[in-house]
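Asks: Here's my sequence, what's the structure:
(one chain, ligands or ions: 1)
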Amino acid sequence: MPVSLPLTFDLSSESEFYTQVSTGIQAAQQANCQFLSLGIPLPTVDPLMLLAGLMQVSGESEHFYLEQAGEIVAACGAVATSSVQGSQRFSDLQHFSERILNRVWAIAPAEPRIFCQFSFWDDAANRAFLPRWQVIQRRDQVCLTLSCALETSTPHRLWQDWQLLQRALAHLVADPPPCSPPRAIALPPLTEQYGQFITSVKRALQLLEEGDLEKLVLAAALTLEQPQGFNWLGTLQNLRQQYANCYIFSVGQKRQQVFLGASPERLVKIGDGVLCADALAGSRPRGQTQQEDQRLRNGLYHSPKERYEHQVIVEFLCQTLQQLGMSCEVPTKPRILELSHIQHLQTLIQAPLPQPIHILKVVAALHPTPAVAGYPASRAQDWLRQLELFDRNGYAAPLGWVTPTGEGEFIVGIRSAHLQGTHAHLFAGAGIVKGSQPEREWQEILWKFQTMISALA
Ligand SMILES: C=C(O[C@@H]1C=C(C(=O)O)C=C[C@H]1O)C(=O)O
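Replies: This is a model prediction of the structure:
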């Protein structure tokens with residue numbers, strides 16, 4: 001994407017920048033704030049490329065990236081962080097977000113946000129941070145929010161951070177990163193995964209028959225190896241090209257450990273007094289021809305088993321939101337979400353909010369939904385702990401952002417991989433209900449693995 005320099009930012013002189021920032025710092029100190037966020041409009045630039053450039057020039061590897069149709073947000077470097085574990089993890093990070101964001105002095109058009117990544121289980125790391133650089137793109141408007149901690153920062157430090165961003169921008173123009181096409185990785189033999197999965201599905205079918213469960217979402221894990229390592233940026237570029245109607249994401253703290261993917265599933269969004277939650281479950285592959293595609297779509301839409309599997313989630317979401325005091329508007333029938341390799345039943349639920357509610361309160365109540373764990377939730381989780389022989393880490397867990405007023409958006413980290421040096425750990429799951437056939441569920445796992453396999457660079 002072409003970048004038009006020079007910047008529209010009028011504080012182009014160092015002394016003017018110092019004057020403006022010093023005034024901001026004084027005002028922030030008088031208001032007892034601990035952080036300053038400065039908003040600066042940027043020229044039209046691809047936020048992903050800018051993020052890559054920033055990580056390169058600053059040496060920072062902590063980042064968060066989320067791209068969807070109307071908005072891209074990229075964040076890098078941490079000014080304040082919190083890592084928590086345990087059953088209170090959502091409320092702990094809610095309090096952290098409130099504490100930090102209440103103490104930010106924001107100079108318009110700054111939009112400071114806290115970015116969060118949770119793990120599926122509560123005994124692994126869950127992290128939130130206020131980024132040093134945050135870039136939001138909406139349509140062709142790009143805005144930078146540059147933040148600092150007042151205790152350790154001076155106008156000079158902010159100026160340096162601003163200069164680093166300018167270097168990253170200049171770098172993009174002079175030396176745009178090359179494209180890395182997908183590697184066309186063939187699926188290795190999955191004999192062990194297949195055996196384990198089929199055994200677990202059979203056990204799940206027994207439990208469903210005995211009435212212990214209504215649904216269990218069993219996952220499989222797959223590790224791929226590339227002696228030269230995987231190309232993080234190339235993989236993200238491939239994901240965004242192939243999955244334009246998904247949420248393209250990447251989160252990580254270390255250069256060699258990144259969690260990324262193209263998730264079709266939003267958990268919850270709160271904005272402008274309305275909550276949106278998506279039910280997504282029920283799957284078929286895409287057809288090779290239009291007729292085959294249509295046949296598969298009809299099969300999905302009219303399958304009582306898929307509709308039941310989907311309905312479990314719609315009901316869970318509505319009940320949970322009602323318990324939080326909301327009344328839901330639910331379309332009477334699901335629609336079909338078509339992705340490159342797979343299609344799903346999807347129902348978009350809306351609830352007007354009579355009073356504000358912090359998004360992390362809603363995330364706490366919803367995770368894990370029956371779309372990624374099963375139903376009833378606690379029995380499903382007990383069985384997952386017994387039947388899955390690997391750690392899900394961030395797979396199927398919420399990740400997203402929070403604003404100072406407690407609004408925000410969280411997606412579910414599916415169709416994803418953990419890149420760790422020369423290894424890529426992929427995960428995919430399938431919902432088992434009465435009537436599920438083990439072989440068909442395994443096929444579904446293979447279609448879902450394709451999201452990452454077809455994009456790894
Ligand atoms: C669990 C995954 O996907 C979930 C399960 C689905 C299903 O069982 O039909 C469909 C979409 C997701 O809610 C995954 O992709 O790993």
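
Asks: Contact residues of the protein facing the ligand?
Replies: 217, 219, 265, 280-283, 344, 371-372, 396, 414-415, 428-431, 448 (CB under 6 Å from any ligand atom). The way it works is simple: take the backbone N, C-alpha and C, and place the C-beta from them, glycine included.

Asks: Just the buried subset of those residues, written out for PyMOL, thanks.
Replies: Of the residues of the chain next to the ligand, the buried ones go into a single PyMOL selection, burial set by 16 or more other CB atoms under 10 Å:
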select buried, resi 217+219+265+280+281+282+283+344+371+372+396+414+415+428+429+430+431+448
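
Asks: Counting only strands, which of the residues of the chain next to the ligand make the cut?
Replies: 217, 219, 280-283, 344, 428-431 (DSSP state E).

Asks: Adding pLDDT, write the residues you listed out as a markdown table.
Replies: Converted to a markdown table, these look like this (pLDDT from 0 to 100):
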| residue | pLDDT |
| --- | --- |
| V217 | 98 |
| A219 | 98 |
| L280 | 97 |
| A281 | 95 |
| G282 | 95 |
| S283 | 95 |
| H344 | 97 |
| A428 | 97 |
| G429 | 98 |
| A430 | 97 |
| G431 | 96 |
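
Asks: Now render the residues you listed as TSV, adding distance to A364.
Replies: Formatted as TSV, these follow (distance: CB to CB, whole Å):
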residue	distance to A364
V217	19
A219	22
L280	20
A281	21
G282	26
S283	27
H344	25
A428	25
G429	21
A430	26
G431	22
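
Asks: Which single residue in the stretch 1-150 of the chain comes nearest to the ligand?
Replies: Nearest residue of the stretch 1-150 of the chain to the ligand, counting by CB to the nearest ligand atom: F120, 10.8 Å away.

Asks: which residue packs closest to that residue, ignoring adjacent ones?
Replies: R392 (3.8 Å; CB to CB, 6 or more residues apart in numbering).

Asks: now do Q68
Replies: Q68 sits nearest to Y247 (CB to CB, 6+ apart), 5.1 Å away.

Asks: Likewise for A244?
Replies: Using CB to CB, 6+ apart, the closest residue to A244 is A69 (7.8 Å).

Asks: Show me the domain layout of the chain.
Replies: According to automatic domain parsing, the chain comprises the domains 14-174, 191-453.

Asks: now for these, which one comes closest to P182?
Replies: Checking those against P182 by CB to CB gives domain 191-453 as the closest, at 5.1 Å.

Asks: What is the end-to-end distance of the closest one?
Replies: The straight-line separation of the ends of domain 191-453 (CA to CA, to the nearest Å) is 18 Å.

Asks: what distance separates that domain from the middle of the whole chain?
Replies: 11 Å (CA atoms, centre = their mean, to the nearest Å).

Asks: what's the answer for stretch 149-162, then?
Replies: On CA atoms, centre = their mean, the centre of stretch 149-162 falls 29 Å from that of its chain.

Asks: what residues does it touch?
Replies: Contact partners of stretch 149-162, identified using CB atoms under 8 Å, 6 or more residues apart in numbering, comprise 14, 17-18, 21-22, 25, 28-29, 33-36, 38, 40, 77, 79-80, 132-133, 146, 148.

Asks: average model confidence for that stretch?
Replies: Regarding stretch 149-162, the rounded mean pLDDT is 88.

Asks: Let's see that stretch as CSV, backbone CA atoms only.
Replies: Output of stretch 149-162 as CSV, limited to C-alpha atoms (Å, rounded to 0.1, in the frame of the first residue of the first chain):
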residue,chain,number,x,y,z
ALA,A,149,4.0,6.7,32.0
LEU,A,150,4.6,10.2,33.5
GLU,A,151,6.8,8.9,36.3
THR,A,152,9.4,7.6,33.9
SER,A,153,8.9,9.7,30.9
THR,A,154,10.0,13.1,29.7
PRO,A,155,9.0,15.1,26.6
HIS,A,156,12.4,13.9,25.3
ARG,A,157,11.3,10.2,25.6
LEU,A,158,8.0,10.9,23.9
TRP,A,159,9.9,12.7,21.1
GLN,A,160,12.1,9.7,20.7
ASP,A,161,9.1,7.4,20.5
TRP,A,162,7.5,9.7,17.9
